[in-house]
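Chemist: what shape does this take:
(2 chains, ligands or ions: 4)
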Amino acid sequence: MIRKRELTFWERMYLPEIIRGVALTSRHFVRNLAIHTLHAVGLAKHRSAAVTYQYPEQPRPLAPRLRTRHRLTLREDGTPRCVACMMCETVCPARCITIVAGEHPDPNIEKYPTRFDIDLGVCIYCGYCVEACPEDAIRMDTQILDIAAYSRAEMKLDLHELLNPSLRKPVKACSLPFPHRCAVRGDPHAAGPEQPLHGPIFIGGDVTRAAGMEDQAQQARQIEAPHPVPLPSGEREKGEGRGNG
Amino acid sequence: MPTLTIDGQQVTVPPGTTIIQAADQLGITIPRYCYHPGLSIAGNCRICLVEVEKAPKLQIACYTPVADGMVVHTGSDKTLKARQEVLEFLLANHPLDCPVCDQAGECELQNYYMDHGRYEARFLEQKVKKSKKATPIGPTVMLDQERCILCSRCVRFTDEISKTSELGIFHRGDHAELDVVPGRALDNAYAGNVVDICPVGALTDRDFRFKARVWYLSSSPSVCPGCSRGCNIEIHYVLDRPYLADGARVMRLKPRYNPAVNQWWMCDEGRYGYKAIDRARLVQPMGRTQGLSPQGTVPSADSVSHPLVWDLAMTEAAQHLQEAQTRNQLGQWGVLPSPQMTNEELFLARQLFQERLGVACDGRVAERPATGDNFLMTADKSPNRRGMAAIFSETTDQKGTVPQGDSPLLAERAAAGELKGLIVFDHDLVALYGEAVARTVAQRVFLIYVGSHDTATSRLAHLVLPSAVYAEKDGTFTNVDGRVQRIVKAFEPLSGARGGLEIVADLARRLGAAFPHTTAAEVFRAIGASVPAFQGLTYETLGAHGAPLATAEAVTV
Ligand code: SF4
Ligand code: SF4
Ligand code: SF4
Ligand code: SF4
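Modeler: Residues are numbered from 1 along each chain as shown, chains lettered A, B, ... in the order given. Ligands and ions are numbered 1, 2, ... in the order given. So this is what the prediction gives:
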C-alpha cells in the first residue's frame, strides 16, 4: 500500500504550485505554437510538435505489422486459398473460428471451407491463426480497426466478409463463385447456434409445442392423486442440462 | 524356449516368435508399417530394422525368428540411422498433403518422422505423379495413390481376412501403385477395415471424410449393438463443436481389439450403424391423455398427442399401473422387454414388473429375418438376446407368469383384446406384426412405449417415454457366445431422453417400491447375486474384454 505523502510546507502554501502548473502548460503551448508556425514557413522540420488526429476523418497511420481485421486470401479463380485444414481453428486460444469443410472438385486441392466464421467479438487478435496457417490463406493485414456493431451476430465475419474485406454485415448479395453455406441466401446450416439433427418429434398430428410446459410441471406437482402415488418434488426437470454441453 | 535380450531386458518366448512380437511383450515398440499382428508377414517396409549382435547387417524385426541368446538393440545409432533412411525413401514420392489429409494426427508416417526424421530434405528430383488422387474405390473407401507407402496391408487384408482379393499392387519400382483389380470395386462387407489398418492416409473413410480433424475426437469404449456378435468398438465423438456434422455427436466407430470376439475387425454395417444415435430420436415424453384419464377407457389412436414433462408422463404411467393393481387387473397387463436393452435394464424390468407387480413379461418376440455370414456378422440383429434369455429364464421368486412354449404371444393376446395394458420396450410392433395388428393393439390396450427412436409404434402409443441409446448409458450386453461385455456411457442422453435404468427405477419409486440399487454397477452386482448365469461377474472382472457367463453353455436361446 502506498501511503499518502505528507505535503511539504512549500506545497501547503498552495499558490506556488498553481503557478508552477500554469507555467508548465504555457511552456508546452508556446513551444508547440512556435514550432508549428516555423513548420508552416518550412523551418525546423526536424523538430516535432504535438498533433491531434481528426479521427475518423483523418485516420492515424498504422504500422504495417499491426494485427487488424482478418481476411482470407484468394486463388486466381476467386476461390479461397484456405484448404480447411483447421489448424487455425485448432490453435485459436479464444475458439472463435468455425470451419466446416467440403469436397473440392479438383482432387489436387481436395478440401475447402464451405463455412468459415470468425467471431470478432471473441477474438483476442493474437495472430496465432496467421502463424498456424500452412497455406498463407489467412492474414490480419487489412488495416481495418473499426469493427463495432450493434449486435453479437454482426460481430461475426463469415466467408463473404473474410474474402472481401470491404464488406461488412448486412451483406446484400452473395457473389461467391463456389458452393458454400450461405447466410445471405439463407441456407439452414449457414450460421450458428447450430441445431442438432433430431428435432422434437410429435406423434398423432400437429401440436403447437406447448408453451405451457411450465404449467404442466405445476400441474404435475399439484395433482391430488386419488391413489397414494408418491410425487417427486419436480425439481428434476430444471436440473437437466443438455447432453451436448 | 529361447531366451533373448532386447535393449538389456531378458525375455523368454516360444520358439518361432519374431523379434517384434517379443519386443511387444516387453512393451518395447519397434516402428512398423507392413507388419500387422492379424495378417501374414510381408517384410517389405523395412522400418522395423533392428541391430542383432553377431549378425552381419540389420535384421527386420517382423520376420526374424528369435534364437536363444540373441542380443537385440532397437535404439542403437545404426538402427536409428536406418529408420531415418527408410523414412527418407518412403517420403521421396510422398505428397505434402497433411493439411488436407484425413489421416493427419493418427498417421504413422507423421509420427515416425517426428521421432526419427531427417528434417532437411535433400530430394531435388521430380516426384513421380500417380494416377489416382481422391478417387473412390468402393462405397466406403477413398484412395489416394500418392500417399500410399505400398506396405500391402490392405492387399493382405482382402486376401486373407475378407477373402475377396479386390486390391493389388500394379507396375514396378517407382511407378508401383496400389489399385483395385480392374473391373471391380472394394465393396465387401468388411471393406472399412482397410482404412483402419492403412498406416497412412492412402485409404480414407468416405463417410468420415472431412467431418472432423482426428484430434477433435473423444473416445469411449463400447460394444457394437448391430448384431449379437458384440464386436468391441470405440465410439469417437465430438461434443464441443456441434457445427461439424450438423449437430450429430458421434463421428465414427472404430473396432477395438478383443482376441475372443472380433480381433481387430468389424463389419461395415456396424461401423456405419452409429448414425441412428443422432437421427430421428425421441426427445420429449408424449401422451394422448393429460393428467388423469378416465380409468378403463383407452384414448383413441387418432386423438392428438401432447408433449409432456417427465414428471407428468411418469405419474401417468404409475397411475395406470396403480389403478390396475387396485382393481386386481395386473394379470391383464403385459411387458415386452427387448434384446436391445442392457442386462441391467432387463433385470430391473424383471424385478419390477415380474417379481413385484406380477405382470407377464414376454421375451419371445418375433424378429425380422436377417442374414449373417461365417465371419463376424450374425443373423440376429440384437445385441443382447442371450442376456435376455438368461435373465428371463429365471423362474424363482416371481409372481408373474413367464409365457413360454406355445402359449399365445403377448402381442397376439393384446390384439385379441385379452389385455388392458402393454408396455413395449424398443420394439416396433408395426414392423414385427404389421400395421393392422399394431393398430388393433393400440385401440384395445393402453400402450406405453419406452424407446429411443421415433417409430411407427411410438406414433401409435398412448404414452411415449424416450430412452437413451447405447452410447448414452452404462451397462453390459451378452453376446451370441455368452460373453458379457461392458458398454460405457460416452455422453449424456439427449436432453429430454432418460436412461432405461432411470425410467424403470423412477417408475418403481412412484409405485412405492424403490430399488436399493440404481447405478448400472450396483444393478449388475445384484444380477450377479441372484441370476446363476451371472454369478461371480462384476464390472471389475469383466474388464475391457468381457467374460463368459458362468453357465454359458447351459443357457440356450
Ligand atoms: S487472432 Fe487469435 S483469437 Fe483471433 S481468430 Fe486468430 S487465433 Fe483466434
Ligand atoms: S490454417 Fe489456413 S488453410 Fe488451414 S483452415 Fe485456417 S485459414 Fe484455412
Ligand atoms: S499420409 Fe500422413 S504424412 Fe502423408 S499426407 Fe497424410 S497425414 Fe501427411
Ligand atoms: S493403401 Fe495403405 S495399407 Fe494399402 S499398401 Fe498403401 S499404405 Fe499400405
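
Chemist: all contacts plus neighbour counts: C-alpha atoms, from now on.
Modeler: Noted.

Chemist: list the buried ones in stretch A:84-104?
Modeler: For stretch A:84-104, the neighbour count (16 or more other CA atoms under 10 Å in any protein chain shown) marks A:84-92, A:96-104 as buried.

Chemist: likewise stretch B:271-282?
Modeler: Using 16+ other CA under 10 Å as the burial criterion, the residues of stretch B:271-282 that qualify are B:271-272, B:274, B:277-282.

Chemist: please enumerate the strands of chain A.
Modeler: Assigned by DSSP state E, the strands in chain A fall at A:71-72, A:97-103, A:111-119, A:138-139, A:156-157.

Chemist: ok, the stretch 451-557 of chain B next?
Modeler: Assigned by DSSP state E, counting those that start in this stretch, the strands in the stretch 451-557 of chain B fall at B:463-466, B:475-478, B:483-487, B:547-548.

Chemist: so in that sheet, which strands flank the shortest one, and in what orientation?
Modeler: Within its sheet, and counting by DSSP bridges, strand B:547-548 is paired with strand B:483-487 (antiparallel).

Chemist: next one: phi and psi at the closest residue to ligand 3 within chain A?
Modeler: Scanning chain A for proximity to ligand 3 using CA to the nearest ligand atom identifies residue A:85 as nearest, at 11.2 Å. The phi/psi pair for residue A:85 (degrees, to the nearest 10) reads phi -80, psi -10.

Chemist: where does chain A have low pLDDT?
Modeler: Counting by pLDDT under 70, chain A has low-confidence residues at A:188-245.

Chemist: how is it divided into domains?
Modeler: Structural domains annotated on chain A: A:9-40, A:71-163, as defined by automatic domain parsing.

Chemist: out of those, which is closest to chain B?
Modeler: The stretch from the domains of chain A with the least distance to chain B (CA to the nearest CA) is domain A:71-163; that distance is 4.8 Å.

Chemist: redo the strands of chain A as CSV? Include distance to residue B:77.
Modeler: Written out in CSV, the entries for these read as follows (distance: least, CA to CA, whole Å):
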stretch, distance to residue B:77
strand A:71-72, 46
strand A:97-103, 43
strand A:111-119, 40
strand A:138-139, 42
strand A:156-157, 52
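
Chemist: burial count for residue 64?
Modeler: Answering for chain A, as no chain was given. Burial of residue A:64 is recorded as 10 neighbouring residues (other CA atoms under 10 Å in any protein chain shown).

Chemist: that's the other chain; I wanted chain B
Modeler: Look at residue B:64: counted by other CA under 10 Å, it has 17 neighbours.

Chemist: which among the strands of the stretch 451-557 of chain B is found nearest to ligand 2?
Modeler: With CA to the nearest ligand atom as the measure, strand B:483-487 is the member of the strands of the stretch 451-557 of chain B nearest ligand 2 (35.5 Å).

Chemist: picking up where we left off before, so for residue A:141, which of the strands of the stretch 451-557 of chain B sits nearest?
Modeler: Taking CA to CA, strand B:483-487 is the member of those nearest to residue A:141, at 51.0 Å.

Chemist: next one: the closest one to chain centre, how far?
Modeler: Its chain's C-alpha centre and that of strand B:483-487 lie 11 Å apart, by CA atoms, centre = their mean, to the nearest Å.

Chemist: pull that strand out as PDB, backbone CA atoms only.
Modeler: This file holds the C-alpha atoms of strand B:483-487, laid out as PDB (Å, rounded to 0.1, in the frame of the first residue of the first chain):
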ATOM      1  CA  ARG B 483     -19.700 -63.300 -23.300                       C
ATOM      2  CA  VAL B 484     -20.800 -60.400 -21.100                       C
ATOM      3  CA  GLN B 485     -19.200 -57.200 -22.300                       C
ATOM      4  CA  ARG B 486     -19.300 -53.700 -20.900                       C
ATOM      5  CA  ILE B 487     -20.700 -50.700 -22.700                       C
END
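
Chemist: before we move on, back to that, okay, the domains of chain A, which one's buried deepest?
Modeler: Ranked by average neighbour count under the criterion mean count of other CA atoms under 10 Å in any protein chain shown, those are headed by domain A:71-163 at a mean of 18.

Chemist: and that domain, end to end?
Modeler: End-to-end distance of domain A:71-163 (CA to CA, to the nearest Å): 6 Å.

Chemist: next one: stretch A:178-185
Modeler: For stretch A:178-185, the first and last residues are 13 Å from each other (CA to CA).

Chemist: which residues sit in contact with the residue of chain A found nearest ligand 4?
Modeler: Distance from ligand 4 to each residue of chain A (CA to the nearest ligand atom) is smallest for residue A:107, at 17.2 Å. Taking CA atoms under 8 Å, 6 or more residues apart in numbering or on different chains as the definition of contact, the neighbours of residue A:107 are B:133-134.

Chemist: cool, and the one 5 residues further on?
Modeler: The contact partners of residue A:112, taken as CA under 8 Å, 6+ apart, are A:80-84, A:101-104.

Chemist: can I get these in TSV with distance to ligand 4?
Modeler: As requested, these are exported to TSV (distance: CA to the nearest ligand atom, whole Å):
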residue	distance to ligand 4
A:80	30
A:81	28
A:82	27
A:83	23
A:84	23
A:101	24
A:102	23
A:103	21
A:104	22
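
Chemist: out of everything not next to it in sequence, what's closest to residue B:329?
Modeler: Taking CA to CA, 6 or more residues apart in numbering or on different chains as the measure, residue B:329 lies nearest to residue B:420, with 7.9 Å between them; neighbours along the chain are not counted.

Chemist: neighbours around that neighbour, how many?
Modeler: As a burial measure, the neighbour count of residue B:420 was computed by other CA under 10 Å and equals 21.

Chemist: kindly export stretch B:356-371 (C-alpha atoms) in CSV.
Modeler: These are the backbone C-alpha positions of stretch B:356-371, laid out as CSV (Å, rounded to 0.1, in the frame of the first residue of the first chain):
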residue,chain,number,x,y,z
ARG,B,356,-43.0,-57.1,-7.6
LEU,B,357,-46.1,-56.4,-9.8
GLY,B,358,-46.7,-59.8,-11.2
VAL,B,359,-47.0,-58.6,-14.8
ALA,B,360,-46.2,-61.1,-17.5
CYS,B,361,-43.0,-60.3,-19.4
ASP,B,362,-42.7,-61.9,-22.8
GLY,B,363,-39.3,-62.3,-24.2
ARG,B,364,-40.3,-64.4,-27.2
VAL,B,365,-40.7,-61.7,-29.8
ALA,B,366,-40.5,-62.5,-33.4
GLU,B,367,-37.6,-60.9,-35.2
ARG,B,368,-37.4,-59.8,-38.7
PRO,B,369,-35.3,-62.3,-40.7
ALA,B,370,-31.8,-61.1,-41.5
THR,B,371,-28.7,-62.8,-42.7
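
Chemist: chain A: helices as residue ranges?
Modeler: Secondary structure of chain A, counting by DSSP state H: helices at A:9-12, A:15-40, A:87-91, A:128-132, A:159-163, A:213-222, A:236-239.

Chemist: thanks a lot, catch you later.
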